[in-house]
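>>> Need coordinates for the below:
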Amino acid sequence: MASRPYILAETTWKTVREANYEVVVLPWGATEAHNYHLPYATDNIQSDYVAAESARKAWAQGAKVVVLPCIPFGVNTGQLDITLDMNLNPSTQLAILSDLVQVLARQGIPKLVILNGHGGNDFRQILRELQADFPTVFLSTLNWFKAADRNQFFSAPGDHADELETSVMMHLVPDLVSPLAEAGDGAAKRFRIAALREGWAWAQREWSQVSADTGVGNPAAATAEKGAAFLEAVTTNIAQFLVELAAADPQDLYE
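A predicted model of the protein is given here:
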């Protein structure tokens with residue numbers, strides 16, 4: 001058996017055909033600028049790690065989960081003028097997911113979790129549509145960075161190349177993180193219109209008008225130790241979700 005039978009990319013057909021997987025995890029990231037100090041693959045590196053570590057913990061508790069390769073492009077319609085920020089439209093995401101869920105439905109694999117690592121991705125409406133088309137596959141999504149309370153670990157607010165993301169990357173791939181002295185301060189402009197600023201109305205942020213360095217949130221207080229602690233909390237919580245989901249009957253989810 002593969003050393004990590006919960007990672008499909010590392011696993012053979014011999015292992016897969018005997019595994020009887022209950023939950024498929026699909027990490028989904030993005031390829032985009034992350035201030036001056038983090039690489040374009042930040043969301044993918046983080047999503048891959050969180051999915052794998054959460055699955056490892058769930059597998060150790062007996063849950064039959066398997067992680068698919070990460071999809072590395074996300075919705076970046078607000079960043080089309082930033083060089084090589086790669087965009088997939090939501091309609092493209094729907095087409096990709098429809099094909100993948102069709103495979104699971106045909107093969108009798110009953111549950112899918114999209115593990116999202118990019119703020120521009122929002123799969124909820126897509127899953128509403130697909131759930132009607134594929135009633136035999138339970139569909140769910142989560143944002144890994146919301147699986148634990150960031151305020152217990154980080155002091156500076158933000159949501160892109162900020163203290164949180166920088167700390168996580170310093171822990172995972174320190175060689176890919178430039179010195180913080182090279183980072184911008186992540187200063188971000190807010191909407192002038194009160195309802196948009198307060199968050200009860202929504203409109204897309206036009207990124208190059210919001211941030212001079214593409215970051216949102218000051219990374220100056222980031223440390224690898226903070227990143228490690230946050231990842232431990234996040235992956236423990238997600239693993240518990242996977243364990244419970246693997247054991248659950250989709251026809252009996254309410255109490």
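
>>> Let me see the ranges of the strands in the stretch 51-200 of the chain.
65-67, 111-116, 138-143 (DSSP state E, counting those that start in this stretch).

>>> Quick check: buried residues in the second one?
This means strand 111-116. Within strand 111-116, the residues that qualify as buried are 111, 112, 113, 114, 115, 116, counting by 16 or more other Cβ atoms under 10 Å. All C-beta spots, glycine's among them, are computed from the backbone N, C-alpha and C.

>>> How about the first one?
If you call a residue buried by 16+ other Cβ under 10 Å, then strand 65-67 has these buried ones: 65, 66, 67.

>>> Ok, stretch 211-231 next?
For stretch 211-231, by 16+ other Cβ under 10 Å, it's 211, 213-219, 222, 224, 226-231.

>>> One more: stretch 122-133?
Buried residues in stretch 122-133, counted by 16+ other Cβ under 10 Å: 122, 123, 126, 127, 130.

>>> In this protein, what residue spans correspond to helices?
Using DSSP state H, the helices of the chain run over 13-19, 42-60, 90-107, 124-133, 163-172, 194-198, 207-210, 224-247.

>>> what is the orientation angle of the longest one with strand 138-143?
Pointing back at helix 224-247 there. Interaxial angle of helix 224-247 relative to strand 138-143 (axes from the mean of the first three to the mean of the last three Cα atoms, to 10 degrees): 170 degrees.

>>> quick one, helix 224-247 and helix 42-60 angle?
50 degrees.

>>> contact partners of helix 224-247?
The contact list for helix 224-247, computed with Cβ atoms under 8 Å, 6 or more residues apart in numbering, reads 22-23, 25, 49-50, 53-58, 61-65, 111, 113, 115, 138, 140, 142, 144-145, 147-148, 150, 152-154, 163-164, 166-172, 174.

>>> ok, back up a step: make TSV out of the helices of the chain and add mean pLDDT.
Output for the helices of the chain, formatted as TSV (pLDDT from 0 to 100):
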stretch	mean pLDDT
helix 13-19	94
helix 42-60	98
helix 90-107	98
helix 124-133	98
helix 163-172	98
helix 194-198	97
helix 207-210	96
helix 224-247	98
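
>>> Ok, which of these comes nearest residue 7?
When those are compared by Cβ to Cβ, helix 42-60 sits nearest residue 7, at 6.0 Å.

>>> which parts of that closest one are buried?
Neighbour-count burial for helix 42-60 [16+ other Cβ under 10 Å]: 42-59.

>>> Ok, stretch 9-25 next?
So for stretch 9-25, counting by 16+ other Cβ under 10 Å, buried means 11, 19, 21, 22, 23, 24, 25.

>>> so the fourth one sits right up against residue 110, yeah?
Going back to what we said before, that points to residue 22. Yes. At 6.5 Å, residue 22 and residue 110 qualify as touching, with contact defined as Cβ atoms under 8 Å.

>>> Since that was my last question, I'll sign off now.
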